[in-house]
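# 3D, please:
(one chain, ligands or ions: 1)
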Amino acid sequence: MRPFRHPRKRADQGFLPVRRPPVRCPFCTENQDRVIDSRTTKEGDVIRRRRECESCGRRFTTYERVEEVMPLIIKKDGSREPYDRQKIVNGLKKACEKRPISAQTIEEVADRIETEVQECGAKEVDSHFVGEAVMRALRDLDGVAYVRFASVYREFRDLDEFMETLRDLLKR
Ligand SMILES: [Zn+2]
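Okay, here's the model as predicted:
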């Protein structure tokens, strides 16, 4: 089977905000909560979300199975690995180091990337597709974080490519 490759999106196409549906608090039954931490299990098929109720302030955990929806990631060497949310979060954190961006925002950006990967509907996606999704998310979020990530991710083949990225950024 041929790996799924996402058609290139126009550079100015931004993300629609994605909000995960809230979960009913097991303590006070209000359904207003925020996600304070998300981790994928070692096998990559369950997302564990630590949530805090915005009404009573208590914390609880949900487990979401992603086996059916998260595609496998095809790495550069052709091997496959489960989608790993923590890797995305770590990459975002590194790019956003010392930038005015909250941990909550990073989780939300990771949510958006995850949704985009999910919604492509393929069983396997190229790691390149995930990388591009991260690039788009950072470009919308913070210019410095974007260039940092881009310079590492794309390992700019030449100066022209780097300048092109900068030019695109400055136009926005
Ligand atoms: Zn509550």
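
# From now on I want contacts and neighbour counts done on CA atoms only, so please keep to that.
Will do.

# what does the model give the residue of the chain most remote from its centre for pLDDT?
Residue farthest from the centre of the chain, counting by CA atoms, centre = their mean, is residue 28 at 30.6 Å. As predicted, residue 28 sits at a pLDDT of 94.

# same check, this time on residue 82
86.

# How much space separates it from residue 131?
Using CA to CA, to the nearest Å, residue 82 is found at 15 Å from residue 131.

# quick revisit: how about the contacts made by the residue farthest from the centre of the chain?
55-56 (CA atoms under 8 Å, 6 or more residues apart in numbering).

# how about 7 Å then?
For residue 28, the contacting residues are residue 56, by CA atoms under 7 Å, 6 or more residues apart in numbering.

# can you give me the strands in the protein?
33-40, 46-53, 59-65, 72-74, 80-81, 124-126 (DSSP state E).

# Give me the nearest residue to residue 86, chain neighbours excluded.
Leaving aside its sequence neighbours, residue 86 sits nearest to residue 39 (CA to CA, 6 or more residues apart in numbering; 6.0 Å).

# What count of nearby residues applies to that neighbour?
By other CA atoms under 10 Å, the residues close to residue 39 number 17.

# what's it in contact with, if anything?
Residues counted as contacts of residue 39 (CA under 7 Å, 6+ apart) are 47-49, 85-86.

# what about the nearest residue to residue 35 once chain neighbours are set aside, neighbour count?
Excluding the flanking residues, the one nearest residue 35 by CA to CA, 6+ apart is residue 51, at 4.4 Å. By other CA under 10 Å, 22 other residues sit near residue 51.

# rewinding a little: out of the contacts of residue 39, the closest to residue 34 would be?
Lowest distance from residue 34 to the contacts of residue 39 (CA to CA) belongs to residue 49, with 9.7 Å.

# re the thing from before, now for the residue nearest to residue 35: which residues touch it?
Residues counted as contacts of residue 51 (CA under 7 Å, 6+ apart) are 33-36, 59-61.

# mind running it again at 10 Å?
22-23, 25, 32-38, 57-62 (CA atoms under 10 Å, 6 or more residues apart in numbering).
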